[in-house]
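Q: let's see this in three dimensions:
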Amino acid sequence: MSDHEQLKISIIGTGRVATHLALHLHQQNQKIQYIFNRSVEKAQVLADQVHATAIDDLAQINDTDILLICVSDSAITQISEKLSQINYQGLVAHTSGSTALSVLSNLGRNAGVFYPLQTFSFEQKIDWQSTPIFIEAKSVDALHKLEIFAENFSSKIYQYNSEQRLSLHLAAVFACNFSNYCYDIAQQILDEKQVDVDLLQPLIDATAEKLKRARAVENQTGPAVRHDQQILAMHQLMLTNHTEWQTIYQLMSQGIQARTPKN
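A: This next block holds a predicted model:
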């Protein structure tokens, strides 16, 4: 496969990751051959958008350069086993951040990982050029193919092993998923008092912007880092009717104080 050859790609799954990958590859004039889903009707919805063939039988996949497994982490092993049973010989890569390459060990040396470190939702466009892509493979040849493939998405391509990738996934849960849940709590607090939640947006933007210039621990502000016990107690009292939020507030405040001891 030369660096400028059009790739032939098939995708297992029709969720958010599969959809974004398929749509972007289609825009890059790459050939999407097959979209697989246990429900061929669901596969057809995505296949129609990228001029692919919808299938519900993995044995139908043939003559594909790269087969992407874009399913839940718990289903990757099952898919790998089915591909092994049909003696699939092409390059297979899963897209999980928290699943080791070893789950594809039954597929031999033609197996790898293609992990975009990004948050995916159906309604939100992805800035692929700013998205880091992490690749890993069982062989040098497979790694080279994945690197060429990744260039369709981003110039930020990294060769990380499974342990490193797992640390990224865990860190991403804190940085993205947990922080978003904190935004959810914040919005609910304001909704209860009929306060406009958009008032928080400049603060959220400024907090994210500061991370470009300094480490998070250096940017920490608020009553916990000041060890302001009066404000901390008042906030916790305000959360009396929301014990879950109160516990989160206490744990986070304690963590901040442990990270930034009082002078």
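
Q: strands along the stretch 101-250 of the chain, start to end?
A: 111-116, 133-137, 157-159 (DSSP state E, counting those that start in this stretch).

Q: could those go into TSV alongside mean neighbour count?
A: In this view, the C-beta of every residue, glycine as well, is placed from N, C-alpha and C. Formatted as TSV, those follow (neighbours: other Cβ atoms under 10 Å):
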stretch	mean neighbour count
strand 111-116	25
strand 133-137	22
strand 157-159	15
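
Q: any chance of CSV for these, columns distance to Asp73 and mean pLDDT?
A: Formatted as CSV, these follow (distance: least, Cβ to Cβ, whole Å; pLDDT from 0 to 100):
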stretch, distance to Asp73, mean pLDDT
strand 111-116, 12, 98
strand 133-137, 15, 98
strand 157-159, 21, 98
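
Q: which one of the ones you listed lies closest to Leu199?
A: With respect to Leu199, and counting by Cβ to Cβ, the nearest of these is strand 111-116 at 32.7 Å.

Q: what is the closest one packed up against?
A: Contacts defined by 3 or more Cβ pairs under 8 Å, 6 or more residues apart in numbering; DSSP states H and E place strand 111-116 against strand 91-94, strand 133-137, helix 140-150, helix 162-172.

Q: related to what we said a few turns ago, could I get the strands of the stretch 101-250 of the chain as TSV with distance to Ala206?
A: As requested, the strands of the stretch 101-250 of the chain are exported to TSV (distance: least, Cβ to Cβ, whole Å):
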stretch	distance to Ala206
strand 111-116	27
strand 133-137	29
strand 157-159	29
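
Q: Ala214: which of those is closest?
A: The nearest among the strands of the stretch 101-250 of the chain, by Cβ to Cβ, is strand 157-159 at 23.0 Å.

Q: what's the closest one packed up against?
A: On a contact count with 3+ Cβ pairs under 8 Å, 6+ apart, strand 157-159 meets strand 133-137, helix 140-150.

Q: note down every partner strand of it and its orientation.
A: Paired strands of strand 157-159, with direction, are strand 133-137 (parallel) (DSSP bridges).

Q: what's in contact with the partner strand?
A: When contacts are defined by Cβ atoms under 8 Å, 6 or more residues apart in numbering, strand 133-137 is touched by residues 93, 97, 101, 111-117, 143, 145-147, 150, 153-154, 156-162, 164-165, 168.

Q: orientation of it relative to strand 111-116 in degrees?
A: Per axes from the mean of the first three to the mean of the last three Cα atoms, to 10 degrees, the angle that strand 133-137 makes with strand 111-116 is 170 degrees.

Q: wait, isn't Ile248 in contact with Ile189?
A: No. The pair Ile248 / Ile189 is not scored as a contact, 11.9 Å apart, by Cβ atoms under 8 Å.

Q: which parts of stretch 56-75 are buried?
A: Applying a neighbour-count criterion of 16 or more other Cβ atoms under 10 Å, the buried positions in stretch 56-75 are 58, 61, 64-71.

Q: check stretch 116-128 too.
A: In stretch 116-128, residues buried by neighbour count (16+ other Cβ under 10 Å) are 116-118, 126, 128.

Q: same check, this time on stretch 155-174
A: For stretch 155-174, the neighbour count (16+ other Cβ under 10 Å) marks 157-158, 160, 162, 165-166, 168-169, 172 as buried.

Q: using PDB, write out every CA atom in that stretch.
A: Listed next in PDB are the C-alpha coordinates belonging to stretch 155-174 (Å, rounded to 0.1, in the frame of the first residue of the first chain):
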ATOM      1  CA  SER A 155      -0.700  15.200  11.900                       C
ATOM      2  CA  LYS A 156      -0.600  14.500  15.600                       C
ATOM      3  CA  ILE A 157       0.100  10.800  15.500                       C
ATOM      4  CA  TYR A 158       1.800   8.900  18.400                       C
ATOM      5  CA  GLN A 159       3.000   5.400  18.800                       C
ATOM      6  CA  TYR A 160       1.900   4.500  22.400                       C
ATOM      7  CA  ASN A 161       1.700   1.100  24.000                       C
ATOM      8  CA  SER A 162      -1.500  -0.200  25.700                       C
ATOM      9  CA  GLU A 163      -0.400   0.800  29.200                       C
ATOM     10  CA  GLN A 164       0.300   4.400  28.100                       C
ATOM     11  CA  ARG A 165      -3.000   4.500  26.200                       C
ATOM     12  CA  LEU A 166      -4.900   3.300  29.200                       C
ATOM     13  CA  SER A 167      -3.400   6.100  31.300                       C
ATOM     14  CA  LEU A 168      -4.600   8.600  28.700                       C
ATOM     15  CA  HIS A 169      -8.100   7.100  28.800                       C
ATOM     16  CA  LEU A 170      -8.200   7.300  32.600                       C
ATOM     17  CA  ALA A 171      -6.900  10.900  32.500                       C
ATOM     18  CA  ALA A 172      -9.500  11.800  29.900                       C
ATOM     19  CA  VAL A 173     -12.300  10.500  32.100                       C
ATOM     20  CA  PHE A 174     -11.200  13.000  34.800                       C
END
